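S.K.: Have a look at this prediction, sequence included:
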Amino acid sequence: MARNFLSVLETQMNQVFKNSTKDVQLIEFKKDFFYAPGFGNVGVVLTTEGVVVIDTCISPEHAEKIYKEIRNLTDLPIRYIIYTHGHMDHVNSAEVFKENGTIVVAHENVIDRFRKYQILKEHRQRIGSVQFDNKTTDVKKYDFTYPEITFHTEYEFILGEKRFQIIHGKGETDDHCFVSIPVEKVIYSGDFFISSFPNIGNPLKEVRFEREWYEALEKIRDRQPEFLVPGHGDLFVNKDTIQTALQDVIECLRFVHDEVIYHMNKGTLLEDMLDQIKLPEHLEKSEYIKPHYGCLMFAIKGTHRRYSGWFDGNPTNLQPAKQKVVAKEILSFIPNPNAILEKCKQLRDNGEFQMALHLIDLLVFGSEEPEALELKAELTKKLSEKNDNFIMRNIYKQIAQSMVSENTHK
């Protein structure tokens, strides 16, 4: 049974970024096959001719501990490093593992990703701090270790007695791949599978690829792995369990894709899609797609964004006036603006935090009333506290803290 992905991720983030563990676990789940749990799992495979490392984690300090554990196992050189994709939590510490002669392998799109991160460095740091609750603020280096070997569809090599197949598929990124060691029935999936609702439609990030994602998972499923090491979360070791977990995620992604396409062709507005699209009961109950990281709302919005423009069909929003201008105009003919504040407090007391946010914005943007901003910060904090989705919770939390800081310095 999969552990709660949210609690696993939080524990691993604290271990990695607060250095709350003196040692790492390098878990051997099959002879010569290991993984080190962390904020981004690191795979390690021993062969008679050297070591293969799959992903390199975000924290150099954590990577150093893993490297020491590898050296406790063998003196053989690290011959290959494989990136499953170019997100920072999978590539940031490659230099720790790269020795003389080590070859880094990745999909060809990783190079474009690295360049994009470099030109958007400040932006990436800012949104990373929001998404990960300021725990990644020390990860500031963007001098990536570039791959020596890139590929378009598949790449294969043999090291010692083991054959490694690296298969590309779009999913959370366009440079994603999974690593299969077919004879041993082992797959390192990267973030194609993470024991949570797939991270489609991240509010802070670029478009993801729901159709290609489930197609890649079908390729993993059809290989019938007996061991599955996800990009995040716990190892899966039972063939039947792996098949069930993979199938649930496949069906979930296919369902969202097909439903959004159906409603777009029908002319359904996005806000109505969010009400009308509901997961089938067996997927709603699946322990493998709980909304701890991604969620159905994100997925619907992300899929819609991928296949549509930004205009929502309301002519008011084609060339909208600034929020402050509109709010001030509305407040100009409201006899008692303080009634809005009192109504928002009443909504807060009734637990209707979202509606209170909608109304309080009239005062926040229209009058810049400090008490209004204070109440908005309180409402946002309450939404954070009641939310079990890692990304949404941290967005609410970070924005609430910034509003408190803004109000304090006025």
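M.R.: Thanks, I have it. Residues are numbered from 1 along each chain as shown.
S.K.: For the residue lying closest to residue 102 once chain neighbours are set aside, give its distance to residue 159.
M.R.: Spatial nearest neighbour of residue 102, excluding adjacent residues (Cβ to Cβ, 6 or more residues apart in numbering): residue 78 at 5.1 Å. Where you see a C-beta, it was placed from the backbone N, CA and C, and this is true even at glycine. Going from residue 78 to residue 159 by Cβ to Cβ, to the nearest Å gives 11 Å.
S.K.: More neighbours: which of the two?
M.R.: Under the criterion of other Cβ atoms under 10 Å, the comparison of residue 78 against residue 159 puts residue 78 first, with 21 against 17.
S.K.: In this structure the more buried one contacts residue 66, no?
M.R.: No. Between residue 78 and residue 66 there is no contact, the gap being 11.1 Å when judged by Cβ atoms under 8 Å.
S.K.: residues bridging contact with those two, i.e. touching both?
M.R.: Residues touching both residue 78 and residue 66 (Cβ atoms under 8 Å, 6 or more residues apart in numbering): residue 97.
S.K.: Now do the shared contacts for residue 78 and residue 159.
M.R.: 50, 52.
S.K.: Just the helices from the stretch 1-150 of the chain, written as ranges.
M.R.: Listed from the start of the chain, the stretch 1-150 of the chain has helices (DSSP state H, counting those that start in this stretch) covering 5-17, 60-73, 88-91, 94-97, 109-119, 121-131.
S.K.: Just give me the longest helix of the chain.
M.R.: Determined from DSSP state H, the single longest helix within the chain is helix 239-266.
S.K.: And it, what does it pack against?
M.R.: helix 210-222, strand 227-230, helix 270-276, helix 281-284, helix 296-307 (3 or more Cβ pairs under 8 Å, 6 or more residues apart in numbering; DSSP states H and E).
S.K.: Including distance to residue 175, could these go into JSON lines?
M.R.: Formatted as JSON lines, the helices and strands packed on helix 239-266 follow (distance: least, Cβ to Cβ, whole Å):
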{"stretch": "helix 210-222", "distance to residue 175": "12"}
{"stretch": "strand 227-230", "distance to residue 175": "18"}
{"stretch": "helix 270-276", "distance to residue 175": "28"}
{"stretch": "helix 281-284", "distance to residue 175": "28"}
{"stretch": "helix 296-307", "distance to residue 175": "17"}
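S.K.: Looking at those, spot the one closest to residue 331.
M.R.: helix 270-276 (25.5 Å; Cβ to Cβ).
S.K.: then that closest one to CSV, C-alphas only?
M.R.: What follows is helix 270-276, C-alpha atoms only, in CSV (Å, rounded to 0.1, in the frame of the first residue of the first chain):
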residue,chain,number,x,y,z
LEU,A,270,-14.0,26.1,-18.2
GLU,A,271,-15.7,27.0,-15.0
ASP,A,272,-18.6,24.7,-15.9
MET,A,273,-16.1,21.9,-16.8
LEU,A,274,-14.8,22.1,-13.3
ASP,A,275,-18.2,21.4,-12.0
GLN,A,276,-19.3,18.8,-14.5
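S.K.: which outside residues touch it?
M.R.: The contact list for helix 270-276 (Cβ under 8 Å, 6+ apart) reads 259-260, 263, 268, 297, 300-301, 304, 312.
S.K.: With stretch 170-179 instead?
M.R.: By Cβ under 8 Å, 6+ apart, stretch 170-179 touches 43, 54, 82, 84-87, 106-110, 112-113, 164-169, 187-192, 198-199, 208-209, 212-213, 216, 219-220.
S.K.: from the contacts of helix 270-276, which would you call buried?
M.R.: Among these, those classed as buried by 16 or more other Cβ atoms under 10 Å are 259-260, 263, 268, 297, 300-301, 304.
S.K.: Widest-spaced pair of those residues?
M.R.: Using Cβ to Cβ, these span at most 15.2 Å, a distance reached by 268 and 297.
S.K.: For the residue nearest the centre of the chain, what are phi and psi?
M.R.: Nearest residue to the geometric centre of the chain (Cα atoms, centre = their mean): residue 199, 5.2 Å. Main-chain torsions, residue 199, degrees, to the nearest 10: phi -80, psi 60.
S.K.: ok, now how distant is it from residue 232?
M.R.: Distance from residue 199 to residue 232, by Cβ to Cβ: 10 Å.
S.K.: circling back to that earlier point, so which bits of the longest helix of the chain are buried?
M.R.: Across helix 239-266, burial judged by 16+ other Cβ under 10 Å covers 242, 245-246, 248-257, 259-260, 263.
S.K.: Considering the residues you listed, which is situated nearest to residue 396?
M.R.: Relative to residue 396, the closest of these is residue 256; by Cβ to Cβ it sits at 23.6 Å.
S.K.: Quick one: residues contacting that closest one.
M.R.: For residue 256, the contacting residues are 200, 210, 277, 296, 299-300, 303, by Cβ under 8 Å, 6+ apart.
S.K.: any chance of those residues in JSON lines, plus pLDDT and distance to residue 127?
M.R.: Below are these laid out as JSON lines (pLDDT from 0 to 100; distance: Cβ to Cβ, whole Å):
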{"residue": "200", "pLDDT": "93", "distance to residue 127": "17"}
{"residue": "210", "pLDDT": "96", "distance to residue 127": "21"}
{"residue": "277", "pLDDT": "98", "distance to residue 127": "27"}
{"residue": "296", "pLDDT": "97", "distance to residue 127": "22"}
{"residue": "299", "pLDDT": "97", "distance to residue 127": "19"}
{"residue": "300", "pLDDT": "98", "distance to residue 127": "21"}
{"residue": "303", "pLDDT": "97", "distance to residue 127": "21"}
